[in-house]
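take this sequence and fold it.
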Amino acid sequence: MSDKLIYGLGINEKDCVSHIKRKAVKEYELWARMLERCTKEFWVKSPTYTGTTCSDNFKSYTFFYRWCQKQVGFGNKDDNGRYWQLDKDLLGGDIKMYSEDTCVFVPARLNSLLIRRKVNTSKYATGVIKKSKDKTFTALYNDNEGTQVSVGGFLSEQDAFNYYKICKEAVIKSSAKQYKGLIDERVYNKLMNYEVTNNKPTGEDK
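From the prediction side, this is the model:
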C-alpha cells in the first residue's frame with residue numbers, strides 16, 4: 001500500500017492499474033479529479049464546490065476502480081467522443097458528496113440540462129428575464145439540442161416562470177426517454193419525475 005495520500009484524502013493501494021505507459025487510465029483520472037474537488041484549494045477556484053466531500057469507500061482507489069466497472073454508462077461516449085460524466089447531484093441532491101450511493105454516469109447532454117445557478121444573480125425567477133423596453137417578461141430555456149429558446153410577451157414574472165417550468169420539464173423528460181435503457185434506471189426515474197423550482201433570491205423586488 002502506498003503511504004502517500006492523493007490530494008490529502010485518497011489512497012492508491014496499487015491493487016488496480018492506475019497508469020499505462022505513464023498515462024492515467026480513465027478510472028484514475030475520475031478518481032483524482034473527484035478528490036481534488038473535495039479540497040479547500042479547489043473551493044477557492046470553484047466556490048460552488050465548497051463543502052464537497054467523498055465517502056470513505058471512495059477514498060480508496062481500489063474500491064473506486066472496481067465500483068466503476070459495475071456502473072451503467074461507465075466507459076460510454078457521446079456523439080462527440082466524450083466520456084459520460086461522473087455526477088453526484090442527480091441522486092445525491094444537496095448533500096454534495098461523492099459516494100457509491102450518490103454517483104452515476106450520465107452523458108454531458110443530460111447533465112447540462114440539470115445545471116442550475118447555485119446563486120441566482122438575477123432578481124427575477126429562474127429562467128426569466130425582464131425587457132426594459134416594454135417591461136414584459138421573457139422565458140429562456142435550452143431545447144433538446146442545447147439551443148436557447150426565447151419566448152417573450154408575458155405580462156407577469158410568474159406567467160413567464162410557469163411557461164419556463166413547463167418547457168424545461170418537457171425537455172428533460174424527452175431527453176430521458178431518448179436515453180432509456182442506456183442510463184441507470186434510477187437516473188431515468190429521477191428525470192421523469194423532475195420538477196423545476198424557482199431559485200429566486202428572497203428579499204428581491206420584482
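
how about the strands in the protein?
Along the chain, the segments classed as strands by DSSP state E run 19-20, 23-24, 53-54, 85-87, 97-98, 104-106, 128-130, 137-142, 148-154.

in TSV, list those strands along with mean pLDDT, distance to Arg37 and mean neighbour count.
Placement of C-beta: from N, CA and C, glycine included. Shown next, in TSV, are the strands of the chain (pLDDT from 0 to 100; distance: least, CB to CB, whole Å; neighbours: other CB atoms under 10 Å):
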stretch	mean pLDDT	distance to Arg37	mean neighbour count
strand 19-20	96	21	9
strand 23-24	96	16	11
strand 53-54	97	9	20
strand 85-87	95	10	20
strand 97-98	98	8	21
strand 104-106	96	16	22
strand 128-130	91	30	20
strand 137-142	92	25	20
strand 148-154	90	28	13
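
so which of those strands comes closest to Glu195?
Closest to Glu195 of those is strand 137-142 (CB to CB; 14.6 Å).

hang on, the earlier thing: how about a markdown table for the strands of the chain, with distance to Asn189 added?
Output for the strands of the chain, formatted as a markdown table (distance: least, CB to CB, whole Å):
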| stretch | distance to Asn189 |
| --- | --- |
| strand 19-20 | 37 |
| strand 23-24 | 33 |
| strand 53-54 | 25 |
| strand 85-87 | 15 |
| strand 97-98 | 21 |
| strand 104-106 | 12 |
| strand 128-130 | 28 |
| strand 137-142 | 22 |
| strand 148-154 | 26 |
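
nearest to Tyr179 among those would be which one?
strand 104-106 (8.2 Å).

what helices or strands is the closest one leaning on?
strand 85-87, helix 89-92, helix 185-192 (3 or more CB pairs under 8 Å, 6 or more residues apart in numbering; DSSP states H and E).

any low-confidence regions in the protein?
Scanning the chain for pLDDT under 70 picks out 1-3, 115-122, 200-206.

the protein: helices as residue ranges?
All helices of the chain, identified by DSSP state H, fall at 26-36, 40-45, 61-69, 89-92, 108-113, 157-178, 185-192.

go through the longest one and flag the buried ones.
It stands for helix 157-178. Within helix 157-178, the residues scored as buried using 16 or more other CB atoms under 10 Å are 157, 160-165, 167-169, 171-172, 175-176.

which of the strands of the chain sits closest to Leu182?
Evaluated over the strands of the chain, closeness to Leu182 peaks at strand 104-106, with 9.9 Å, by CB to CB.

ok, residues contacting the closest one?
With contact meaning CB atoms under 8 Å, 6 or more residues apart in numbering, strand 104-106 is reached by 71-74, 76, 84-87, 90-91, 183-184, 186-187.

quick revisit: winner for burial among the helices and strands packed on strand 104-106?
strand 85-87 (a mean of 20; mean count of other CB atoms under 10 Å).
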